[in-house]
Each structure stands twice: as C-alpha cells, then as structure tokens.
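Peer 1: give me a model of this one.
(one chain, ligands or ions: 1)
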Amino acid sequence: MERQRAQDRMVADCRRFPSDKNCSLTIAGTEDEVLAVAVRHAVNEHGHADTPELRNQIRGLLQPERSGAEAVGRMA
Ligand SMILES: [Zn+2]
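Peer 2: Okay, the predicted model is just below:
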C-alpha cells in the first residue's frame, strides 16, 4: 500500500528539469523529502514560484532510485 511506497527512495535529477542553468544536482530520499528539497532548490536556485503546479511537475519527474537507467528509458 502507500506505506511501502513511501519507503522506497526516489531521485529527482535536476538535469531533467526545464531550466536555463546546466544544473546537475541530484536529490535522493523519500518522495516527501525529495519533493521538499527539490521545491526549495527550484525556488532558490532557479527562480521558480512555489506553486502547486511546480510541485506537481517535480513530483512527475521523480524516479525510483533502484531502477535508475531503466526508468529514464521508460520516461524518455
Ligand atoms: Zn537545479
């Protein structure tokens, strides 16, 4: 159920975010942790506004840590 999913580490790779900077930051942790840090990073470093849309966009770019390259291929 939801609890089991929350224990899996997720990765947010800033290279996959639309941005002007060539930012190579990768954030890993639980979905909630990654989302919180990624939103802060997007706002502070990339000048995005902290909106529900931004959060949805970031959440959509999260990938399970263990399937790494596979997930990238699937999403591309
Ligand atoms: Zn970045």
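Peer 1: what is the mean pLDDT for the helix ranked longest in the chain?
Peer 2: When the chain is parsed with DSSP state H, its longest helix is helix 31-46. What helix 31-46 shows for mean pLDDT is 95.
Peer 1: what are the buried residues along it?
Peer 2: For helix 31-46, a neighbour-count test (16 or more other C-beta atoms under 10 Å) marks 31, 34-35, 37-39, 41-42 as buried. For glycine as for every other residue, the C-beta is placed from the backbone atoms N, C-alpha and C.
Peer 1: now these in TSV, with distance to the ion?
Peer 2: As requested, the buried residues of helix 31-46 are exported to TSV (distance: C-beta to the ion, whole Å):
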residue	distance to the ion
Glu31	18
Val34	13
Leu35	14
Val37	11
Ala38	8
Val39	11
His41	6
Ala42	7
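Peer 1: ranges for the helices of this structure?
Peer 2: Listed in chain order, the helices of the chain (DSSP H) span 2-7, 31-46, 52-61, 68-75.
Peer 1: tell me how many other residues crowd the closest residue to Glu45 other than its chain neighbours.
Peer 2: Spatial nearest neighbour of Glu45, excluding adjacent residues (C-beta to C-beta, 6 or more residues apart in numbering): Cys23 at 6.9 Å. Around Cys23 sit 15 other residues, with neighbours defined as other C-beta atoms under 10 Å.
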